[in-house]
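J.: Turn this into a structure:
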Amino acid sequence: MIIPELPSYLESLGGGDYKGFIIALFTLTAGISRPFSGKLADTIGRIPVMIFGAVVCFACGFLYPLAQTVFLFLLVRFFHGFSTGFKPTGTSAYVADVVPAARRGEAMGFLGLCGSLGMASGPALGSTLAQATSLHAMFYTSSVLAILSILILFRMKETLIDRQSFRLSLLKLDRSEILEPAVIRPCIVLLLTTFSYGIVLTITPDVSDHLGVANRGLFFTYFTLASVAVRFFAGKASDKYGREPVLKVAACILIISMALLATVQDAPLFLWAGVVYGLFVGINTPTIFAWTIDLSPEKHRGRGLATMYIALEAGIGLGAFLSGWIYDNNTDRFFWVFGLGGILGIAALVFLQWGSKANRYKAA
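T.: Sure, this is the predicted structure:
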C-alpha cells in the first residue's frame, strides 16, 4: 500500500540517493529475524508469531509521519521489516499444518491469491489516498488494516501441539537453528528469481514517472491482478506435474518480463510488462512454497519456511540495493537494471535444468 509513494517521500526529505535502501533495509531486518520467527513458530506457536508481526506493522504506520529526516525514515523502514520477518512465517506454517500433503500447491496458491488481492488493491488505494488526502492518511490507513488482521488472529485456533511458554532463552540460536539444509535447492531458485522483485519494487515507480503514468501504483495493480488470476491454477499444476517443471515455466516467463521492462518505451507496453511479470510471480511463489514444505522435516517446518523467507528477503534486498546503485537516478540505465534481473532468471532456469538432470542420474 505504501511502497509506490515511498521513493518520492524519501526524495522530499532529501534522500533521493537512498531509494535502494527503502526495500533493502526492510528486507535486511526481515531476513535477520527469520531464524527467530522460525524457531518461535516451532516452539511457542504459529499464532503468537503472526500477532507479533501484525503489531509491528500497526505501529510503523504511526511512526512514518514522525520520521521527518532521512535517518529516521530509514530507521522506521528497518524496524518495519520485523512485520514481514514474523507474520508470513507463522502464516505459512499454520497453513501447512491444516492442509493435506497432496494439496499443498493448491493451498499455497490460495494463500498467495488472498495475499495478492491485498497487494493488488494496496498500491492503488495508497496512491489514491496520498493524492486525494495526504501521505499521513495513507500511513494511518495501513495501520487500521493491520489491526483488523490482529482481531482475526485472536479468533483462530493454534495448530502447534507441543507448545512452550515464551522465555528469553528461546531467542538464543544454535548454528543448526539458523538454516534448514533440507530446503536449500528451492531457496537457491527463490534467491535468483526474487532478485527481480527487488528491482521492480525500487525502479518501477520511477519508470512510471518517466513514461507519464500518474498513479505509481498502477503497475503494481496490473502485475498483482495477473498474479491473482494464475496462482490457484499454478499451485494445482505443481501438485499434478511436479514443482520443478512448473518452476521452469515460471523462469521463462520471468526472462520475458525483464526483457520487456528493459526495452519499454510507452505506458501501455509498460503495463503489459507488469501483467507478464505478474504471471511469473503467480506461478513461482506458490510452487516454491509447496516445494519447501515438501522438503521440510515436520518438526522443523517453521525453520524450513524461515530459511525460504531468508532467501526471499536476500533476493529482494540485493535486487533493491544493487538496482538503486546501478540506476542512480539515470533513466538511461533502465535497460541494464532490468537486464540484470533477466540474467539471474536465466541462471535459475539453468540451475533447475541441471538439478533435474542430476536427480535423473542419481535415480539411474
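J.: Only C-alpha atoms from now on, for both contacts and neighbour counts.
T.: Noted.
J.: Run a quick check on residue 265 versus residue 212, I expect a contact.
T.: No: assessed by C-alpha atoms under 8 Å, residue 265 is found out of contact with residue 212, at 10.9 Å.
J.: Contact partners for residue 245?
T.: Neighbouring residues of residue 245 by C-alpha atoms under 8 Å, 6 or more residues apart in numbering: residue 238.
J.: how about 10 Å then?
T.: Contact analysis of residue 245 by C-alpha atoms under 10 Å, 6 or more residues apart in numbering lists 237-238, 287, 352-353, 356.
J.: Same check on residue 113?
T.: 107, 119, 224-225, 227-232, 282, 286.
J.: pLDDT score assigned to it?
T.: Residue 113 is assigned 78 on the pLDDT scale.
J.: now residue 360
T.: Note for residue 360: predicted pLDDT of 49.
J.: Equivalent analysis for residue 281, please.
T.: The model reports residue 281 with a pLDDT of 92.
J.: State the pLDDT value of the residue nearest to it when sequence neighbours are not counted.
T.: In space, and not counting its chain neighbours, residue 281 is closest to residue 227: 5.9 Å by C-alpha to C-alpha, 6 or more residues apart in numbering. Predicted confidence (pLDDT) for residue 227: 88.
J.: what's the burial count for residue 227?
T.: 31 (other C-alpha atoms under 10 Å).
J.: before we move on, back to that, when you check the contacts of residue 113 against the helices, which ones overlap?
T.: In helices, defined here by DSSP state H, the members of the contacts of residue 113 are 107, 119, 224-225, 227-232, 282, 286.
J.: and which of the residues you listed is nearest to residue 336?
T.: Looking at the ones in helices among the contacts of residue 113 and their distance to residue 336, the nearest is residue 224, at 24.0 Å (C-alpha to C-alpha).
J.: Tell me where the stretch 251-364 of the chain is predicted with low confidence.
T.: Residue ranges of the stretch 251-364 of the chain with pLDDT under 70: 356-364.
J.: Sketch out the low-pLDDT regions of the stretch 51-200 of the chain for me.
T.: Filtered on pLDDT under 70, the stretch 51-200 of the chain yields the residue ranges 120.
J.: so what's residue 288 up against?
T.: Residue 288 sits next to 105, 108, 185-187, 189-190, 235, 238, 243-244, 246-247, 294, 308 when contact means C-alpha under 10 Å, 6+ apart.
J.: so how far is residue 306 from the most centrally placed residue in the chain?
T.: In the chain, the residue lying closest to the centroid (C-alpha atoms, centre = their mean) is residue 312, at 6.5 Å. For residue 312, the distance to residue 306 equals 10 Å [C-alpha to C-alpha, to the nearest Å].
J.: So residue 237 sits against residue 290, correct?
T.: No: under the criterion of C-alpha atoms under 10 Å, residue 237 is not in contact with residue 290, lying 11.5 Å apart.
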